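S.K.: sequence first, predicted coordinates after that:
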Amino acid sequence: MQSIINSIVKNRNLILYLTLSIISFNSLYTNSSVHYNGIGKIATYLSGKSSFFSSSIDSYFNLKEKNKKLIDENLKLKEIELEYKNQIVENKSFNSISIINANVIFNSINKSKNIMVIDKGTNGGVDEEMGVISSKGVIGIIKSVTENYASIISLLNTDLKVNAILKNSSTIGSITWDGLNPKILKLNDIPLSSSIKIGDTIVTGGMSFYFTKGIPIGTISNYDNSSLEGYYEIDISVFNDFSSISNIYVIERTDNDEIKILLND
Amino acid sequence: MIREQLRNIFFYTIILVFQLFVFNHINLVGFITPFIYLIIFIHYKTSYNKTTLIFLGFIVGIIVDLSMQTYGSHTFATITICYLRTWIEKYSFGVNSNLPSAMINGTQLINRLRFFGLIIFIHSLIYYSLVFFNIELFWTIVLNIIINSIITFIVIWLISQLISNK
């Protein structure tokens, strides 16, 4: 107590100065509209800045949750998009497609038969021979499934052949990989009679059990029309960067069984 | 002692009367009003109590504010220079700042110039910043501070010479 009194006595001039300053500012604030508005503006600015600061900290800590929400939302939108395309192009009913979100936990790009592993398996609704895409385009096809994991044959696998078309002319071909450059795929079976140019977009053709029509794959980066076989040799610059894929969608076509029955008959 | 205090009060009153009834009505080139009342704080003896000086600054500031309808700008400027006076003295007079008697007599001219200049400049700086209170008028504020400081300085310097000679 004594020390408090001592420090008050010691700093009496400062205390007096601050008190009188507050009195003069109060007088300015209450009597002069210029100062009233000015101080009001400063107060608004400070409170705005401080709440911006606190909200940005807050949003940083909520990033994980927001990320999850965005992925879920994306999933729904992707489903609607594919469903919509499917309906227009193939005039099929809704609900013929469902989408499962998964994260990549293993990925290789430096072999000739590259595979990926994702964190969803039969428990998550994933089954063999389902198509896999990312937000940018086609990734590959589910090869084998366990309860909690699934492996994917990615486009960067010399065994995989995916049905594809030129977006503009609907000429049908197939996508393969020659095992060399992970950014370049090959488009085969395009006859020399069809007209193509560099920059043309290649999308899935829809003539498979795996992918619906219109999912992007890449653009034509180079082509050679000197082949004697009557087909172009086309290089495709792929949309996906296979070295940095983390989030993928597995497409399930619920009408596959129906089609298979027809084919078996 | 009482006689000295009465004399001081008489001196403060005379200066305030001059400020309120003469200098407040002077508007050189439209906006310059010399604040001669600052002489009270310049001539306040260092041996006197600092707390009293702050109170004196508050009372004088309120009186000038009321007469000029500036609502507290003068008050804040004067209490600030009263509060800062110890540091201004030390900065201006250095080791001689603890002189027991008046500040003015027996000190070097350059030190006095610095002391007068600092008190007047700090006062003008605070006063005009508060009166305009608008960053968009920055150059107007700077112009007012400089010109008014110079004019106030000249007037106060002349009055000081007059008092000292007496």
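M.R.: Thanks, I have the structure now.
S.K.: residue ranges of the strands in chain A, please?
M.R.: Secondary structure of chain A by DSSP state E: the strands cover A:97-107, A:113-118, A:131-133, A:138-145, A:150-157, A:162-166, A:172-176, A:184-188, A:201-204, A:216-224, A:233-238, A:247-253.
S.K.: would you mind listing what in chain B touches chain A?
M.R.: Neighbours of chain A within chain B, by CB under 8 Å from any CB of the partner chain: B:50-51, B:54-55, B:58, B:61, B:65, B:71-73, B:75-76, B:79-80, B:82-83, B:130, B:133-134. C-beta here means a position set from N, CA and C on the backbone, and glycine is covered the same way.
S.K.: can you do 7 Å?
M.R.: Within chain B, the positions lying close to chain A (CB under 7 Å from any CB of the partner chain) are B:50-51, B:54, B:58, B:71-73, B:75-76, B:79, B:83, B:130, B:133-134.
S.K.: buried subset of these?
M.R.: B:Lys50, B:Ile54, B:Phe58, B:Tyr71, B:Gly72, B:Ser73, B:Thr75, B:Phe76, B:Ile79, B:Tyr83, B:Leu130, B:Phe133 (16 or more other CB atoms under 10 Å in any protein chain shown).
S.K.: what's the closest non-adjacent residue to the third one?
M.R.: Of all residues not flanking B:Phe58 in the chain, A:Leu20 sits nearest, at 4.9 Å (CB to CB, 6 or more residues apart in numbering or on different chains).
S.K.: thought that neighbour was touching B:Ile59?
M.R.: No: at 10.1 Å, A:Leu20 does not count as touching B:Ile59 under the criterion of CB atoms under 7 Å.
S.K.: how close does whatever residue of the stretch 101-250 of chain A ends up closest to chain B sit to A:Gly199?
M.R.: Going by CB to the nearest CB, chain B is nearest to A:Ser135 of the stretch 101-250 of chain A, at 47.0 Å. Applying CB to CB, to the nearest Å, the value for A:Ser135 to A:Gly199 is 21 Å.
S.K.: so between A:Leu20 and B:Ile59, which is more surrounded?
M.R.: A:Leu20 (24 against 15; other CB atoms under 10 Å in any protein chain shown).
S.K.: picking up where we left off before, distance to A:Phe239 and secondary structure added to the residues of chain B next to chain A, as a markdown table?
M.R.: A markdown table is the format used below for those (distance: CB to CB, whole Å; DSSP: H, G, I helix; E, B strand; the rest coil):
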| residue | distance to A:Phe239 | secondary structure |
| --- | --- | --- |
| B:Lys50 | 77 | helix |
| B:Thr51 | 78 | helix |
| B:Ile54 | 74 | helix |
| B:Phe58 | 74 | helix |
| B:Tyr71 | 68 | coil |
| B:Gly72 | 67 | coil |
| B:Ser73 | 66 | helix |
| B:Thr75 | 71 | helix |
| B:Phe76 | 66 | helix |
| B:Ile79 | 70 | helix |
| B:Tyr83 | 69 | helix |
| B:Leu130 | 62 | helix |
| B:Phe133 | 58 | coil |
| B:Asn134 | 55 | coil |
